[in-house]
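Participant: quick one, structure for this:
(one chain, ligands or ions: 1)
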Amino acid sequence: MQAPGERIPVSILTGFLGAGKSTLLNRILRDPDLSDTAVIINEFGEVGIDNLLVETSGDSLVELSNGCLCCTVRGELIDTLATLMDGVQTGRLKPIRRVVIETTGLADPAPVMQSVMGNPVIAQNFELDGVVTVVDAVHGLSTLERHGEAVKQVAVADRLVLSKISLADPQQLAALKSRLQELNPRASMVDGDSAEAGTGSIMANGLYDPGSKIADVDRWLRDELALDAATSHEHHRHDHAQHGHHHHHDVNRHGEDIRSFSIIHDTPIDPMAVNMFVDLLRSAHGEKLLRMKAIVALSDNPERPLVLHGVQSIFHPPQRLPHWPEGSDRRTRMVLITQGLPEAFVLDLFAAFTGQPRIDRPDRAALEDNPLAVPGLRM
Ligand SMILES: Nc1nc2c(ncn2[C@@H]2O[C@H](COP(=O)(O)OP(=O)(O)OP(=O)(O)O)[C@@H](O)[C@H]2O)c(=O)[nH]1
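Facilitator: Numbers count the residues shown, from 1 in each chain. Take a look at the predicted model:
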């Protein structure tokens, strides 16, 4: 049974047409760890057949047909989650511990993620745990070249599962892996044939460690520091930020303009400043913010960090942890994935709100006066 205040984790399973989503789902649903999982499948087309292919017990499989989750059946998804919750609370359905939403191959995952985060009633009962994207090892590279949806599916993923590895030639596979690494250096990559890919744990990518239920920030932010050590040649201290620095991964070589970078800030931040920074970012440039995850040390009580998780302009209700996880680095860490939003812009904005504006950039007071005018930073 769900404890009061505990939200049910929702995993999104995505990947381009034919990548192997249903195959993976069938495999992991056999794991007893996923026995109390409700599966929502979005089939694009008149007659849904995916529900016939996914072997799970009756009640907990819902199929949304005749439209794509990211557009026409979005309201249906929200209704489905509400109905599931109602069913569980009234005892009509057995308790569920997780929801997996399999999107159509052509879906942009962002609106699906937003549906889970953005509706107040849904967000009270469910939380977005993570996005797992299946990538076809044989066709993945050419699909990424041709389809923007596939690029986005990879960019927002927490975990990438490579299917059909045995069919791919080694050179092709190496090229695909390096492309995926460019697009999303923080997602962990799993071989679809491995034992790990057959377990329910690949669906768990949220803030809380699935075993201990204790917040595990480093895992959630994909161990930013380890990543730094591995790629330190790409990093430099930002000269205008005495206490803050950032790290970036240049993935702009193929023209999608997707960036993945992080901000690390050493001193606690005024809650109002964080609020305004996030508000400005999401209201003015929300569509360019593919994903943002952060843990923030706030000056009013640095012992209780704030957790932020957003997709474009929609954020989960901010959550204040009772304390820092054991052994965790206590600095503010933000991870951002953007499309068409220059890293320097975000860093300048952050610097302005945290009291370190560059000489030729507006400070917080100037931005509060006119939040949309950031001189020299036309988008
Ligand atoms: N050899 C091999 N075949 C696979 C693997 N994963 C999937 N397939 C095959 O690829 C085809 C498509 O797999 P599905 O699981 O239906 O793919 P999907 O992503 O759900 O497809 P759509 O729902 O159409 O987008 C099927 O014929 C699978 O048997 C794999 O890891 N190895």
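Participant: elements contacting the helix or strand Asp218 falls within?
Facilitator: Asp218 is located in helix 217-220, with elements delineated by DSSP states H and E. Other helices and strands packing on helix 217-220, by 3 or more CB pairs under 8 Å, 6 or more residues apart in numbering; DSSP states H and E, are helix 224-230. Where C-beta positions appear, they are placed from N, C-alpha and C, glycine not excepted.
Participant: show me the helices in this protein, by range?
Facilitator: Applying DSSP state H to the chain gives helices spanning 21-28, 50-53, 74-89, 109-118, 120-125, 140-146, 148-155, 170-183, 217-220, 224-230, 271-285, 343-353, 364-369.
Participant: a markdown table please, covering those helices and showing distance to the ligand.
Facilitator: Output for the helices of the chain, formatted as a markdown table (distance: least, CB to the nearest ligand atom, whole Å):
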| stretch | distance to the ligand |
| --- | --- |
| helix 21-28 | 3 |
| helix 50-53 | 6 |
| helix 74-89 | 17 |
| helix 109-118 | 13 |
| helix 120-125 | 25 |
| helix 140-146 | 11 |
| helix 148-155 | 11 |
| helix 170-183 | 13 |
| helix 217-220 | 26 |
| helix 224-230 | 27 |
| helix 271-285 | 31 |
| helix 343-353 | 33 |
| helix 364-369 | 44 |
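Participant: nearest to Thr332, of those?
Facilitator: Closest approach to Thr332 among the helices of the chain (CB to CB): helix 271-285, 8.5 Å.
Participant: taking helix 343-353 as reference, get the angle to the closest one.
Facilitator: 150 degrees (axes from the mean of the first three to the mean of the last three CA atoms, to 10 degrees).
Participant: against Asp136, how distant is the residue of the stretch 51-200 of the chain found nearest the ligand?
Facilitator: Proximity of the stretch 51-200 of the chain to the ligand (CB to the nearest ligand atom) peaks at Gly105, 3.4 Å away. Distance, Gly105 to Asp136, by CB to CB, to the nearest Å: 10 Å.
Participant: neighbour count for those two, which is higher?
Facilitator: A count of neighbours by other CB atoms under 10 Å puts Asp136 above the other of Gly105 and Asp136, at 24 against 20.
Participant: so who does the residue found closest to the more buried one once you drop the neighbours it is linked to in the chain touch?
Facilitator: Excluding its sequence neighbours, the residue lying closest to Asp136 (CB to CB, 6 or more residues apart in numbering) is Ala19, at 4.6 Å. With contact taken as CB atoms under 8 Å, 6 or more residues apart in numbering, Ala19 is in contact with Gly105, Val134, Val135, Asp136, Gly140, Ser163.
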